[in-house]
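Trainee: Provided below for reference: sequence and predicted model.
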Amino acid sequence: MFNYKNFISLLTENIKTMKPDKIIQVNQESQENRADVVIVNGKAFTYKNSGLTRRVFVNKDKTLVVKIPVGKYSQHFNDEELECWESASDDVKKELANTKRLENGYIIQEYLHTIDDEITGEWLNRPMTMKEIRFASSCRDDVGYDKDGNLKCYDLHEYKKY
């Protein structure tokens, strides 16, 4: 029987000796959009979720996620998200997942405990407040809690659009 934890552990241990086969260009469709595990800056990220345009991968300690376009014409969603982050005021950034671009054009963000995840309620250990519910609705429920329990929007182009 396949042991997933042993696989990830072995993969993580062997990362240091691995060399990349090729550099993936931003405008080409990548194999990562179909992978279950991707390596980013020497760290393993496992598949977490998918949207219509991107797949999301999370690192082992659940501090970061990587957003990888599903197809070669989906890169503009990462570009748009980065533009939202870069043009936001410091006050607005407090309500957005910290976002950066990797060299290959992928997005890396802080990990958020999303409200659509069953274990978030257990982790948070309290119900959402009315203020949080209204904020979540204004962001099409594309929100989650950071490590300090602050609710933030992770799909930045949905920030307070509704």
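Mentor: Received it, and whenever you're ready, just let me know what you need.

Trainee: rest of the way, CA atoms for contacts and neighbours
Mentor: Fine.

Trainee: Any regions of the protein where pLDDT drops low?
Mentor: 1-34 (pLDDT under 70).

Trainee: Give the partner strands of the longest strand seen in it in its sheet and their orientations.
Mentor: The longest strand of the chain (DSSP state E) is strand 43-50. The pairing partners recorded for strand 43-50 under DSSP bridges are strand 37-40 (antiparallel), strand 54-59 (antiparallel).

Trainee: Distance from the shortest one to the middle of the chain?
Mentor: Its chain's average C-alpha position is 13 Å from that of strand 37-40, according to Cα atoms, centre = their mean, to the nearest Å.

Trainee: Report the buried residues of it.
Mentor: Across strand 37-40, burial judged by 16 or more other Cα atoms under 10 Å covers 37-39.

Trainee: With distance to Q75 as added columns, please give those residues in a markdown table.
Mentor: Below are the buried residues of strand 37-40 laid out as a markdown table (distance: Cα to Cα, whole Å):
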| residue | distance to Q75 |
| --- | --- |
| V37 | 20 |
| V38 | 17 |
| I39 | 19 |
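
Trainee: Tell me the one among those nearest to Y159.
Mentor: V38 (27.7 Å; Cα to Cα).

Trainee: so G121 sits in a helix?
Mentor: Yes - using DSSP: H, G, I helix; E, B strand; the rest coil, the assignment for G121 is a helix.

Trainee: Tell me which helix or strand E83 sits in.
Mentor: helix 75-87 (DSSP states H and E).
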